[in-house]
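*Asks:* Curious how this folds, go ahead:
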Amino acid sequence: MIDLTLESARIIVATALETARTRGLKPLAVVVYDDRGSLKCVQVEDGASLRRAEIAMGKANGALALGLGSRAIHARAEAQPYFVAAVSHVVGAAALVPVPGGVLIRAADGRLLGAVGISGDTSDNDEICALAGIEAAGLVPETGA
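*Replies:* Numbers count the residues shown, from 1 in each chain. Now for the predicted structure:
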């Protein structure tokens, strides 16, 4: 059984940040959690605005809590705002940020390994960086699209 290793988490973070720099994006915060919700790795770039790490954590935590990429949670928030508000209340408002940038990490066999959350640029750009990082680690991203 393969778990999300620290080395894989570091590859995800490094590649996500490299992708952001290549694209000329704003400074990012990147967090990676394992399937238990335990923090594996976090980095915040110089110049990132205040609380970006907490926002990234909320994207990843929300994805883990609901078993959906935060893009799907965003769609659900638009369709069922009371449901997402209720879940936010249950898990804590800071633990659920319902916008793209929280991506589930899966093994090739579909098993959940964890989640990455990124914040700092537009939500779509945050998600692009998460996808690049997860794929660079040889793992499978799930956005909820």
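*Asks:* can you pull the alpha-carbon coordinates of stretch 36-43 into PDB?
*Replies:* In PDB, the C-alpha atoms belonging to stretch 36-43 read as follows (Å, rounded to 0.1, in the frame of the first residue of the first chain):
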ATOM      1  CA  ARG A  36      -5.900  11.600   7.400                       C
ATOM      2  CA  GLY A  37      -5.800  15.400   7.200                       C
ATOM      3  CA  SER A  38      -2.300  15.500   8.600                       C
ATOM      4  CA  LEU A  39      -0.100  18.300   7.300                       C
ATOM      5  CA  LYS A  40       2.700  16.900   5.100                       C
ATOM      6  CA  CYS A  41       4.200  20.100   3.600                       C
ATOM      7  CA  VAL A  42       3.600  23.800   3.400                       C
ATOM      8  CA  GLN A  43       5.400  26.700   1.700                       C
END
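*Asks:* Name the residues that touch it?
*Replies:* 4, 6, 9-10, 12-13, 17, 29-34, 53, 56, 61, 64, 114 (CB atoms under 8 Å, 6 or more residues apart in numbering). The way it works is simple: take the backbone N, C-alpha and C, and place the C-beta from them, glycine included.
*Asks:* Can you name the next helix or strand after the worst-scoring helix or strand of the chain on mean pLDDT?
*Replies:* Every helix and strand in the chain was compared by mean pLDDT, DSSP states H and E; the lowest is helix 81-91, with a mean of 79. The helix or strand immediately downstream of helix 81-91 is strand 102-106, counting by DSSP states H and E.
*Asks:* Convert the C-alpha atoms of the following helix or strand past that following strand to CSV, please.
*Replies:* Using DSSP H and E, the helix or strand that follows strand 102-106 in sequence is strand 112-119. In CSV, the C-alpha atoms belonging to strand 112-119 read as follows (Å, rounded to 0.1, in the frame of the first residue of the first chain):
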residue,chain,number,x,y,z
LEU,A,112,-7.4,8.7,-1.8
LEU,A,113,-3.9,9.8,-0.7
GLY,A,114,-4.5,13.4,0.4
ALA,A,115,-5.2,16.8,-0.9
VAL,A,116,-3.3,19.9,-2.0
GLY,A,117,-4.6,23.5,-1.5
ILE,A,118,-3.2,26.5,-3.2
SER,A,119,-4.0,30.2,-2.8
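*Asks:* Nothing else from me, thank you.
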